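Peer 1: just coords:
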């Protein structure tokens, strides 16, 4: 019984982290068509923000990480991506690859390669069905899932979300309707970047923070987006759950190296068999307008 409880708790905490990563990547990939191969390095940025500002209270550091993420997202979108959308998928992918190298090498130059640590603000354990489990892991998982729920709510149930999706679908029409496409696109990218930075900040006490720490998170986040159908944010959350379950179960019963090999092999098979994602019920936008009456 205790082993099952430990497994469930591990899946839950990993799911919260992967869901936050996958939604951030889903916003950028699904809405803007950009494969953000710098997503892992953005996680690293969030972790190093928490380390570099260790004298600042933890919650304030999280706020600063969010602000840095927003600023970094705006800078990358405006200076790197804004003129590349028309050049196609490969141009934006290579550009983000360059961004990942700059971020990683910049962190290496500033902080070095020695693993850094961040102290968790909550040190206590909580007992759940006979299992003692770190309270901080549960708190950040709940926090991450609440943030994910808020992003989904805004995207699918508010006028702002409708504006974003309408702009992505047809930028010219959005412009005619008075919606500033440039501002919407930049804002969407910045939010996706911020979610990755925030995920790294929340997870930082559980990591050995190095310039390469984010590399391990890129593939799981990307596979989560693909498993849940690209372009669907609820699908990315579903994919994150699948990834969290597979990753936790395999690491429980196999050594780390073999678990990684089997995990990525399963991802490849799943994507090959179901290239459009795993079937599931997708959240739909509910229109509040009544259908027009057809004149007799």
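Peer 2: All right, it came through fine. Nothing here was measured: the structure is a model prediction, and the numbers come from that model.
Peer 1: please count neighbours and contacts with C-alpha atoms only from this point.
Peer 2: Fine.
Peer 1: and residue 94, that one's in a helix?
Peer 2: Yes - using DSSP: H, G, I helix; E, B strand; the rest coil, the assignment for residue 94 is a helix.
Peer 1: list the contacts for it?
Peer 2: Under the criterion of CA atoms under 8 Å, 6 or more residues apart in numbering, residue 94 has no contact partners.
Peer 1: what about residue 256, neighbour count?
Peer 2: For residue 256, the neighbour count with other CA atoms under 10 Å is 11.
Peer 1: ugh, wrong one, residue 166
Peer 2: 15.
Peer 1: my read: it touches residue 174, true?
Peer 2: Yes - between residue 166 and residue 174 there is a contact at 6.6 Å, judged by CA atoms under 8 Å.
Peer 1: excluding chain neighbours, give the residue nearest to residue 237 in space.
Peer 2: The shortest distance from residue 237 to any non-neighbouring residue, by CA to CA, 6 or more residues apart in numbering, is to residue 19 (5.1 Å).
Peer 1: quick one: which helix or strand includes that neighbour?
Peer 2: Using DSSP states H and E, residue 19 maps to helix 2-26.
Peer 1: would you mind listing the buried residues in that helix?
Peer 2: By 16 or more other CA atoms under 10 Å, the buried positions in helix 2-26 come out as 6, 9-26.
Peer 1: for stretch 141-154, same thing?
Peer 2: Residues of stretch 141-154 classed as buried: 141, 142, 143, 144, 145, 147, 148, 149, 151, 152 (neighbour count, 16+ other CA under 10 Å).
Peer 1: what lies in contact with the lowest-mean-pLDDT helix or strand in the chain?
Peer 2: Least confident helix or strand, the chain: helix 171-176 with a mean of 72, by mean pLDDT, DSSP states H and E. For helix 171-176, the surrounding residues in contact (CA under 8 Å, 6+ apart) are 166, 167, 180, 181.
Peer 1: most neighbours among the residues you listed, which one is it?
Peer 2: Neighbour counts for these peak at residue 167, which has 22 neighbours (criterion: other CA under 10 Å).
Peer 1: quick one, phi psi at it?
Peer 2: phi -70, psi -40 (degrees, to the nearest 10).
Peer 1: mind checking pLDDT for it?
Peer 2: pLDDT recorded at residue 167 is 76.
Peer 1: for residue 197, same thing?
Peer 2: Note on residue 197: pLDDT of 96.
Peer 1: so where's the stretch 101-250 of the chain shaky on pLDDT?
Peer 2: 169-170, 172, 177, 229-231 (pLDDT under 70).
Peer 1: correct me, but residue 136 touches residue 122?
Peer 2: Yes - judged on CA under 8 Å, residue 136 makes contact with residue 122 at a distance of 5.4 Å.
Peer 1: separation between residue 49 and residue 241?
Peer 2: According to CA to CA, to the nearest Å, residue 49 and residue 241 sit 27 Å apart.
Peer 1: all set, thanks.
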